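In: Structure for the following, please:
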Amino acid sequence: MGKIISITLMLLVSLSAAAETVYVTDQLSAFLRPEQRSSSGIITPLASGTKLQLIENNPNTEYSRVLTERGAEGWILTRHLSSKPVARQVLKQAQTELKNFREQTALLKEVNEKYEGELKYLKEISGNTIAINQRNQQLTEENQNLQNQVDIFALENERLKDESKQDFFLIGAGTILLGMILGLVIPSIKPKRKDTGWV
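Out: Numbers count the residues shown, from 1 in each chain. You can find the predicted model right below:
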């Protein structure tokens, strides 16, 4: 019974990992390898921000098996993976959304100007005070709704910029911290070179 539960849990963990999307972090180089060791050769280099499908990870070797969008499968150091897009991608997305916001704002401005022009025209040609008041109220409400949408877009734009700055700061701080740790740890574990007698 215990073995069945263990196997079931392993399958659930495997399925959960298989559905996870990860990204190559900001670093100088990352490589997809056929085996879980740095001497196994290179299938392909992976640029920062590359989107990958996580299949499994091995805490013992500190490698994860991944699948690229082009169908290449192999192993990459787990520390080179992130569950979130890198700062460059976040910034690009924020810029795209900002561009869309500006386009929508310009469109709303055009519509608003159209309504204002229509209201002015009605006032000039109509002597019916009741009709003018009703149309004026309708246009005022529509104008207020448009203004509310512009305010919402402005708030959303500020939120996107704040999130982009925060993510960029956290990633930068994490990269610096990782570099400091590696700078302290790697020299202490690097094996001493044996004198082979070769000149």
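
In: where does T61 fall, phi/psi-wise?
Out: phi -90, psi -10 (degrees, to the nearest 10).

In: and what of R70?
Out: Main-chain torsions, R70, degrees, to the nearest 10: phi -90, psi 0.

In: Against G172, how distant is it?
Out: In this structure, R70 and G172 are separated by 29 Å, where distance is defined by CB to CB, to the nearest Å. Heads up, the C-betas are built off the backbone N, CA and C, glycines and all.

In: same question, E97
Out: 22 Å.

In: Looking at these two, which is more packed in?
Out: Neighbour tally, E97 and G172, criterion other CB atoms under 10 Å: the higher count belongs to E97, 16 against 12.

In: quick one, what contacts the more buried one?
Out: E97 sits next to E156, N157, L160 when contact means CB atoms under 8 Å, 6 or more residues apart in numbering.

In: didn't the second one look like it was pressed against L98?
Out: If I follow you right, that is N157. Yes - between N157 and L98 there is a contact at 5.9 Å, judged by CB atoms under 8 Å.

In: what about stretch 136-146, distance to the chain center?
Out: Taking the mean C-alpha point of stretch 136-146 and that of its whole chain, the gap between them comes to 38 Å (CA atoms, centre = their mean, to the nearest Å).

In: and it, which residues are buried?
Out: Of the residues in stretch 136-146, those buried by neighbour count under the rule 16 or more other CB atoms under 10 Å are L139, L146.

In: pLDDT of that stretch, averaged?
Out: Throughout stretch 136-146, pLDDT has a mean value of 87.

In: Using PDB, write out every CA atom in it.
Out: Presented in PDB, the C-alpha positions along stretch 136-146 are these (Å, rounded to 0.1, in the frame of the first residue of the first chain):
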ATOM      1  CA  ASN A 136     -26.700  67.400 -23.200                       C
ATOM      2  CA  GLN A 137     -27.300  65.100 -20.300                       C
ATOM      3  CA  GLN A 138     -26.700  62.000 -22.500                       C
ATOM      4  CA  LEU A 139     -23.500  63.400 -23.900                       C
ATOM      5  CA  THR A 140     -22.300  64.500 -20.500                       C
ATOM      6  CA  GLU A 141     -22.800  60.900 -19.200                       C
ATOM      7  CA  GLU A 142     -21.100  59.400 -22.200                       C
ATOM      8  CA  ASN A 143     -18.200  61.900 -21.800                       C
ATOM      9  CA  GLN A 144     -17.900  61.000 -18.100                       C
ATOM     10  CA  ASN A 145     -17.800  57.300 -19.000                       C
ATOM     11  CA  LEU A 146     -15.100  58.000 -21.500                       C
END
